[in-house]
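Colleague: Predicted model and sequence follow; I will ask about them next.
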Amino acid sequence: MNVHFIAIGGSAMHNLAISLTLKGYNVSGSDDEIFEPAAGRLKKYCIFPDSIGWNSNRITKNIDAVILGMHARVDNPELIKAKELGLKIYSYPEFIHDQSKLKKRVVIGGSHGKTTITSMILHVLDACNLPCDYMVGAQLEGFEVMTKLTDDASCIIIEGDEYLTSPLDRRPKFHVYKPDIGLISGISWDHVNVFPTFENYVEQFQIFADMIPLEGAFIYCNEDLHCLNIASKTKTKHKIPYELPEYRIENGKYYVLLHDKEYPLQVFGKHNLLNVNAACQVCACLGIGNDEFFTAIQSFKGASKRLERVYEDAEKAMYKDFAHSPSKLKATINAVKEKYPHRQLVACVELHTFSSLTGEFLKQYAHTMDEADVAIVYFNPHAIALKKLPLITEDIVFGAFADKKLNVFQDSKKLKEYLSSIVWKNKNLLMMSSGNFDGMKFEDLF
């Protein structure tokens, strides 16, 4: 099968391209820019484009399927040529669904925790030798690719993003997957460029839950009022709530207490304990018992950029996290404070997403960094210009976060100088962003 990827350099797209290459497909692709690690990984599998940029000559009648990435525009010359030739054009989610039509589809949704919960499930299934296909949004230790599609696996575990499917398809991705087992970890407003009101945003999760067949299963966090409301409306027979498990902390290590047994974890924070219980419920639906699950989850070290430890010694530690939305900031900060109650926390967030750089939405961040001893917000005016948003000012950020101790930076060099000047004895550093702080090397800060 000959498959061409338009916008092959994306995180999910290049992983799917590699997965299909490993499956024996003939893969080609194009993009107007490809960064690391995608570039190096595509070169490793000999599917890096012969030149950067779009070229309609790449599109021929011999192509069996075109997979369109979200990064491509509707006027893309390769897309136009594919339409003219009448080729089969898939969005990324459509292709995943097409390849898994005969499998049990487990879709993990929610405003937060999707990647971690999906990663936990995959870790346990792998440890229990239960084969599955998957699509997850982070690189996992022990897994070569973030996407796997086979002919043999009876189920597929999918991280279900609520963002748009493609430039041609305005449906949220997780609607396209059509879950047999669906999970919602919690709901807090995001993607204001697509869902202008919170009510409209919540509606997408109700639609997702209502897609689960009567004999399927809906798993949800019963500590989230919006999840409870959705559960009360959906008609699925099997509704499975989960909550924070009983646990204790000793010397910064977390232990889950279950049936007179203790299971030590390598992840930490109440939000991760909720994620563990969510993953446990999914695995139970797939035939894995509690003891089997908690025995396997002990070796799970976390997903990439999700409270990922960069450095630690006897006096200090540094973590990086994907947190960027208000609820994620608060949960991540609280997790580090709970793990290290006797150390000061320097917490730094980069405003990088469309929502976080929108003046009106910024008000959602009020008091989210209150628990940090030193709170820092960084944003790059150039990023705002690229997104064609009205400029925000330091005063707007100060007002939005409602934190008198807040430090605001617009220059990454000055931010790095400030962080490097701190005496780090008995202090921890938490760097949070869906971006990369303009390429700042965290390892140079200590």
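Modeller: Happy to help now that I have it.
Colleague: Please name the bridge partners of residue 148.
Modeller: Judged by DSSP bridges, the bridge partners of residue 148 are residue 134.
Colleague: That one: what's it in contact with?
Modeller: Shown in contact with residue 148 (C-beta atoms under 8 Å, 6 or more residues apart in numbering): 19, 133, 134, 135. C-beta: built from backbone N, CA, C; applies to glycine.
Colleague: Is residue 293 in contact with residue 284, as I believe?
Modeller: Yes: between residue 293 and residue 284 there is a contact under C-beta atoms under 8 Å: 7.4 Å.
Colleague: for this protein, longest helix please?
Modeller: Using DSSP state H, we find that the single longest helix of the chain is helix 270-285.
Colleague: Quick check: next helix or strand after that one?
Modeller: Next along the chain after helix 270-285, taking DSSP states H and E as the criterion, comes helix 290-297.
Colleague: tell me which strands and helices that following helix is in contact with?
Modeller: With contacts defined as 3 or more C-beta pairs under 8 Å, 6 or more residues apart in numbering; DSSP states H and E, helix 290-297 has these neighbours: helix 114-127, strand 253-258, strand 261-265, helix 270-285.
Colleague: thinking again about what came up before, will you turn the contacts of residue 148 into a markdown table that also has pLDDT, distance to residue 339 and neighbour count?
Modeller: Below are the contacts of residue 148 laid out as a markdown table (pLDDT from 0 to 100; distance: C-beta to C-beta, whole Å; neighbours: other C-beta atoms under 10 Å):
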| residue | pLDDT | distance to residue 339 | neighbour count |
| --- | --- | --- | --- |
| 19 | 94 | 35 | 23 |
| 133 | 96 | 34 | 22 |
| 134 | 96 | 29 | 26 |
| 135 | 95 | 30 | 29 |
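Colleague: Could you dump these into a markdown table with distance to residue 124 added?
Modeller: Below are the contacts of residue 148 laid out as a markdown table (distance: C-beta to C-beta, whole Å):
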| residue | distance to residue 124 |
| --- | --- |
| 19 | 21 |
| 133 | 16 |
| 134 | 12 |
| 135 | 17 |
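Colleague: Go through those residues and name the one nearest residue 274.
Modeller: Closest approach between the contacts of residue 148 and residue 274, by C-beta to C-beta: residue 134, at 21.1 Å.
Colleague: is it true that residue 394 touches residue 410?
Modeller: Yes: under the criterion of C-beta under 8 Å, residue 394 makes contact with residue 410 at 7.1 Å.
Colleague: So which of the two has more stuff around it?
Modeller: residue 410 (17 against 14; other C-beta atoms under 10 Å).
Colleague: Touching, the more buried one and residue 378? I think so.
Modeller: Yes: counting by C-beta under 8 Å, residue 410 touches residue 378, with 7.4 Å between them.
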